[in-house]
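1. quick one: sequence and predicted model below, then my questions.
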Amino acid sequence: MTLHIQVVTPEKELLSEEVDEVIVPTVSGELTILPHHVPLLVQIMPGELSIMKSGKVELLAIVGGFLEVGDNTATILADYAVHGKDISEAQAQQAKDRAEKAMKEKKSDVDFAIAEAEFQRAILELKVFHKQKGTH
């Protein structure tokens with residue numbers, strides 16, 4: 001028994017496949033979605049999206065958006081998402097360093113908020129990268 005998952009960002013459809021289980025970070029905490037889950041609509045929090053398929057786990061870094069479950073389908077409309085296997089550790093580290101520098105310079109509250117969001121996203125990408133590679 002499987003569940004269809006679809007992950008869509010403003011740029012593209014990132015994923016559309018049959019899976020065994022999905023664990024999603026939401027404003028209500030982590031939710032595990034299994035086949036034939038009850039209908040649901042919930043806001044997503046930044047974090048790790050875990051997808052289980054045939055005994056293997058695939059991780060995605062995900063930032064914001066919504067999860068809708070219905071008719072044995074989980075649809076995630078994400079503000080930003082990236083496969084753990086597609087994350088570049090060097091690029092994520094550089095983004096983190098740039099964001100830290102921008103937060104220290106704090107030209108305005110808006111600039112600080114943007115830098116802080118970029119910093120959080122880079123930290124999340126690094127966390128998912130290391131977890132996916134098995135180097136916690």
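-> Structure's in. What do you need?

2. would you check how far apart K107 and F119 are?
-> Distance from K107 to F119, counting by Cβ to Cβ, to the nearest Å: 15 Å. (Each C-beta comes from the backbone N, C-alpha and C, glycine too.)

3. those two: who's more crowded?
-> Neighbours of K107 and F119, each counted by other Cβ atoms under 10 Å, are more numerous for F119; the result is 19 against 9.

4. surely that one touches K96?
-> Yes. Using Cβ atoms under 8 Å, F119 is in contact with K96, at 6.1 Å.

5. burial measure for A117, as a count.
-> Counted with other Cβ under 10 Å, residues neighbouring A117 total 15.

6. show me where pLDDT drops low in the protein?
-> Where the chain drops to pLDDT under 70, the residues are 135-136.

7. which strand runs longest in it?
-> strand 56-70 (DSSP state E).

8. okay, that strand in CSV with CA atoms only?
-> What follows is strand 56-70, C-alpha atoms only, in CSV (Å, rounded to 0.1, in the frame of the first residue of the first chain):
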residue,chain,number,x,y,z
LYS,A,56,15.1,3.8,2.1
VAL,A,57,14.8,7.4,3.5
GLU,A,58,15.1,10.4,1.3
LEU,A,59,15.5,13.8,3.0
LEU,A,60,14.5,17.2,1.7
ALA,A,61,15.1,20.6,3.3
ILE,A,62,11.8,22.5,3.2
VAL,A,63,10.9,26.0,4.1
GLY,A,64,7.3,27.2,4.5
GLY,A,65,4.2,26.4,2.6
PHE,A,66,1.3,24.0,3.1
LEU,A,67,0.5,20.3,3.2
GLU,A,68,-2.8,19.0,1.8
VAL,A,69,-3.7,15.4,2.3
GLY,A,70,-6.7,13.8,0.5
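
9. who does the helix or strand that it is followed by pair with, and is each partner parallel or antiparallel?
-> Using DSSP states H and E, the next helix or strand after strand 56-70 towards the C-terminus is strand 73-83. In the sheet, strand 73-83 lines up against strand 3-8 (parallel), strand 56-70 (antiparallel) (DSSP bridges).
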